[in-house]
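Enquirer: One predicted model, sequence on top.
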2 protein chains.
Amino acid sequence: MRDQYYEQLDAIVDDLVTLTGTVRRAVADATKALLEADAHVAESVIAGDKDIDEATEMIEERTLLLLATQQPVATDLRQLVATLRMLTDLQRMGDLSVHVAKVARRRMPDSAVPINLHPTIISMAAVADSMIDSASRIVANRDVAAAAKLENEDDEMDRLRLDLFRTLLSDGWPHGVEPAIDLALLGRYYERIGDHAVSMARRVVYLVTGQLT
Amino acid sequence: MRDQYYEQLDAIVDDLVTLTGTVRRAVADATKALLEADAHVAESVIAGDKDIDEATEMIEERTLLLLATQQPVATDLRQLVATLRMLTDLQRMGDLSVHVAKVARRRMPDSAVPINLHPTIISMAAVADSMIDSASRIVANRDVAAAAKLENEDDEMDRLRLDLFRTLLSDGWPHGVEPAIDLALLGRYYERIGDHAVSMARRVVYLVTGQLT
């Protein structure tokens, strides 16, 4: 009976890691849609969000069932509660990738990102990708040391967003209001994706060390 | 023993309602700081976020303690899990009011909102205020019928945000890129505050009816 319980607990962690991989791909695809103005990829990100929502709800249901039937205490209880929180983060990251894809779709056949800002968006997307990957490893291996790296990446994301805003607000900005608004929102979306990765990592750190960072 | 448990459960709901009131005030104050370019009010919103975070963590700890020690099942379990989710919503709404206050602070001594857009921001803030108030009542009284009104208000918020964006992107927009970016972000912040109120209400509806809306 207890063995089966720990199997179920492990299965939930596995599914959480798998879902994190799905969300990571959604973010990467949304970036591709954005930079290459690829309508097909944009639509697949928008349609795929349903799958992320369904996976989230399925894991949530199983977590609640385990809470109700096994009545775990101490660390096991905290782990299940942390799982529920991380599911909220993942669902939100999925929503944010849809927001990116919708900005991409709105400007097609053009790219919503002027060519001189491609490097900035590529950097933000690369940092976001690495942050989600780190979060996934932290969840899978309870690798608390890796959480420090994630906080550094979050600082890098803040710097990139600041750079982006400086460009948008510089006297030489030649593209007008609409692309500036798109880019300001895009900067915010990538930043929030990174924030949710940090939030996931902090949940694990709290689980392992009992310390809120 | 069980009586004490139900007392604790009720106390958590009371504290959740009180915290919702605090968050509601933070949003209203942030709007005041924004429209009146009031530095004192802006600073108080920014400093006050610490109190919201602390209150959130305190209620969270007590909820976890109740989960661990009383091992509730069925509805009681779902209520405690819903409480944890709603705390995440409230904390986030607090963060968003800080974002509004920081936009206000950045443009002082001017208002970040051009005078012709004051009515739009006033309307968005009024809808957000009413939505938080509705969410609070729904939490306090499990008034599921009121949730439908909240969804209507959410539609109204979407319409206001769309109007705002149309104004920013119209040919006659005379204020340049920087105020446009501020207003696009502000529109997004108020919209997200409303979303979190809807999310709180949905948690209660799910609790009462078992239906995810």
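Expert: Cool, the structure landed. Numbering: from 1, shown residues only, chains lettered A, B, ... in the order given.
Enquirer: Output the below-cut-off pLDDT ranges for chain A.
Expert: Within chain A, the segments meeting pLDDT under 70 span A:1-2, A:211-213.
Enquirer: ok, which residues in chain A are in contact with chain B?
Expert: For chain A, the contact set with chain B under C-beta under 8 Å from any C-beta of the partner chain comprises A:57, A:64, A:67-68, A:71, A:73-74, A:77-78, A:81, A:84-85, A:88, A:165, A:168-169, A:173, A:176-178, A:180-181, A:184-185, A:188, A:212. All C-beta spots, glycine's among them, are computed from the backbone N, C-alpha and C.
Enquirer: ok, of those, which come out buried?
Expert: Taking 16 or more other C-beta atoms under 10 Å in any protein chain shown as the criterion, what is buried in the residues of chain A next to chain B is A:67-68, A:71, A:77-78, A:81, A:84-85, A:88, A:165, A:168, A:173, A:177-178, A:180-181, A:184-185, A:188.
Enquirer: Select from these every entry located in helices.
Expert: A:67-68, A:77-78, A:81, A:84-85, A:88, A:165, A:168, A:177-178, A:180-181, A:184-185, A:188 (DSSP state H).
Enquirer: Okay, buried residues for whichever strand or helix holds residue A:156 please.
Expert: For residue A:156, the host element (DSSP states H and E) is helix A:146-169. Judged by neighbour count (16+ other C-beta under 10 Å), helix A:146-169 contains these buried residues: A:146-147, A:149-150, A:153-154, A:156-157, A:160-161, A:164-165, A:167-168.
Enquirer: got the contact list for it?
Expert: For helix A:146-169, contacts defined as C-beta atoms under 8 Å, 6 or more residues apart in numbering or on different chains pick out A:117, A:120, A:123-124, A:127-128, A:130-131, A:134-135, A:137-138, A:173, A:180, A:183-184, A:187-188, A:190-191, A:194-195, A:197-198, A:201-202, A:204-205, A:213, B:177-178, B:181.
Enquirer: Kindly write the PyMOL command that selects the buried subset of the residues you listed.
Expert: The PyMOL command for the buried members of those (criterion: 16+ other C-beta under 10 Å) is given here:
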select buried, (chain A and resi 117+120+123+124+127+128+130+131+134+135+137+138+173+180+183+184+187+188+190+191+194+195+197+198+201+202+204+205) or (chain B and resi 177+178+181)
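Enquirer: Just the ones in helices from the contacts of helix A:146-169, please.
Expert: Applying DSSP H to the contacts of helix A:146-169, the entries found in helices are A:120, A:123-124, A:127-128, A:130-131, A:134-135, A:137-138, A:180, A:183-184, A:187-188, A:190-191, A:194-195, A:197-198, A:201-202, A:204-205, B:177-178, B:181.
Enquirer: for residue A:53, what are its contacts?
Expert: When contacts are counted by C-beta under 8 Å, 6+ apart, residue A:53 touches A:91, A:94.
Enquirer: now the one 10 residues further on
Expert: When the contact criterion is C-beta under 8 Å, 6+ apart, the partners of residue A:63 are A:12, A:80, A:83, A:84, A:87.
Enquirer: Give me the neighbour count for residue A:119.
Expert: Neighbourhood size, residue A:119 [other C-beta atoms under 10 Å in any protein chain shown]: 10.
Enquirer: er, residue A:7 actually
Expert: A count of neighbours around residue A:7, defined by other C-beta under 10 Å, yields 10.
Enquirer: Now the helix or strand harbouring it: buried residues?
Expert: In this assignment (DSSP H and E), residue A:7 forms part of helix A:2-36. Neighbour-count burial for helix A:2-36 flags A:9, A:12-13, A:15-16, A:19-20, A:23-24, A:26-35 (criterion: 16+ other C-beta under 10 Å).
Enquirer: Kindly report the same for stretch A:45-54.
Expert: Buried residues in stretch A:45-54, counted by 16+ other C-beta under 10 Å: A:45, A:46, A:48, A:49, A:52.
Enquirer: so the second one makes contact with residue A:101?
Expert: Yes: checked against C-beta atoms under 8 Å, the pair residue A:46 and residue A:101 is within contact range at 5.2 Å.
Enquirer: How about residue A:92: what's its closest non-neighbour residue?
Expert: Distance criterion C-beta to C-beta, 6 or more residues apart in numbering or on different chains; nearest residue to residue A:92, sequence neighbours excluded, is residue A:196 at 5.7 Å.
Enquirer: residue contacts, residue A:30?
Expert: A:42, A:45, A:97, A:98, A:100, A:101, A:104.
Enquirer: at 10 Å what do you get?
Expert: Applying C-beta atoms under 10 Å, 6 or more residues apart in numbering or on different chains to residue A:30 gives the contacts A:41-42, A:44-46, A:48, A:94, A:96-104, A:125, A:128, A:186, A:189-190, A:193.
Enquirer: Torsion angles phi and psi at residue A:208?
Expert: When read as degrees, to the nearest 10, the backbone of residue A:208 gives phi -80, psi -40.
Enquirer: My understanding was that it contacts residue A:75; is that so?
Expert: Yes: contact criterion C-beta atoms under 10 Å: residue A:208 and residue A:75 qualify, at 8.9 Å.
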